[in-house]
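Chemist: sequence plus the predicted model coming up.
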Amino acid sequence: MTRPPAARDRLLWCGVVAGPLFVLAFLLQGALKGSGYDALRHPVSSLELGAHGWIQVANFLVVGLLTIAFAVGLWRPGLRAGAVLIALWGVGLIGAGLFTTDPVSGFPLGTPASSDYTTSGAVHDAFSLPAFLLLAAAQVVLSRGHGPRWMIYSLLSATAFLVFFFLASAGFSQASAFVDLAGLFQRLTVTIGSAWLVALAVRELRRT
């Protein structure tokens, strides 16, 4: 069924809002969290832990729902595979909100640098880690069919996204060369992916 243009536009605007909202929320929380939280070192998910952790939980849930709505707005011939991948990124965000992460890299204070998985932490990672790879795949899948500039941007974005993702993952696994900057690497990953999603949403809005 074809959606009315106004309805599709509202769904596409969810893609314009979702990424900036997510990034702004975790940047503000990281600056204000205190209690030993270091945005350069600790993951965004660790904002769920300790005082006011519900704010990051809400951030995950709201942005996940906005992302799925955006994916619905993308559902048209030529974009459907990418729309599914973006929807799964949204599902990953929701799962990350519903299941709290485990402590890592010494936050909260008094916890070890790494610890055994709890059930909640294992499910959190099972939702969130594959979601990063799916968003990178979406950038590649949707790079085609819209001219060379869009393809080059999308492929460069996917490459940078994956490089920073793996650097962050190494840091959170306590690789000594990366652990102190793992939080920064993860924030760069999410910001790059969010910027690409906004660019995609704007591109589609201009078509309507």
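Modeler: Looks like it came in fine. Residues are numbered from 1 along each chain as shown.
Chemist: tell me which other helices or strands the longest helix along the chain touches.
Modeler: Longest helix in the chain by number of residues, with DSSP state H as the criterion: helix 5-32. If contacts are counted by 3 or more Cβ pairs under 8 Å, 6 or more residues apart in numbering; DSSP states H and E, helix 5-32 sits against helix 53-74, helix 182-207. In this view, the C-beta of every residue, glycine as well, is placed from N, C-alpha and C.
Chemist: buried residues in it?
Modeler: Using 16 or more other Cβ atoms under 10 Å as the test for burial, helix 5-32 gives 8, 11-19, 21-23, 25-26, 29-30.
Chemist: could you list the low-confidence segments of this structure?
Modeler: Applying pLDDT under 70 to the chain flags the ranges 1-3.
Chemist: go ahead and flag the most central residue of it.
Modeler: Nearest residue to the geometric centre of the chain (Cα atoms, centre = their mean): V190, 4.9 Å.
Chemist: so what does F107 have for phi and psi?
Modeler: Here is the backbone geometry of F107 (degrees, to the nearest 10): phi -120, psi 140.
Chemist: could you do the one 3 residues further on as well?
Modeler: Geometry field for G110 lists phi and psi as phi 90, psi -10, criterion degrees, to the nearest 10.
Chemist: number of residues surrounding it?
Modeler: Each residue near G110 was counted by other Cβ atoms under 10 Å, and the total is 8.
Chemist: can you tell me the closest non-neighbouring residue to T111?
Modeler: In this structure, T111 finds its nearest non-sequential neighbour in P103, 3.8 Å apart by Cβ to Cβ, 6 or more residues apart in numbering.
Chemist: so the one you found sits against A113, correct?
Modeler: No: look at P103 against A113 with Cβ atoms under 8 Å: they stay out of range, at 9.1 Å.
Chemist: neighbour count: the two, which is higher?
Modeler: Counted by other Cβ under 10 Å, P103 and A113 do not tie: P103 has more neighbours, with 20 against 13.
Chemist: show the contacting residues for the more buried one.
Modeler: Residues near P103 by Cβ atoms under 8 Å, 6 or more residues apart in numbering: 46, 49, 111-112, 115.
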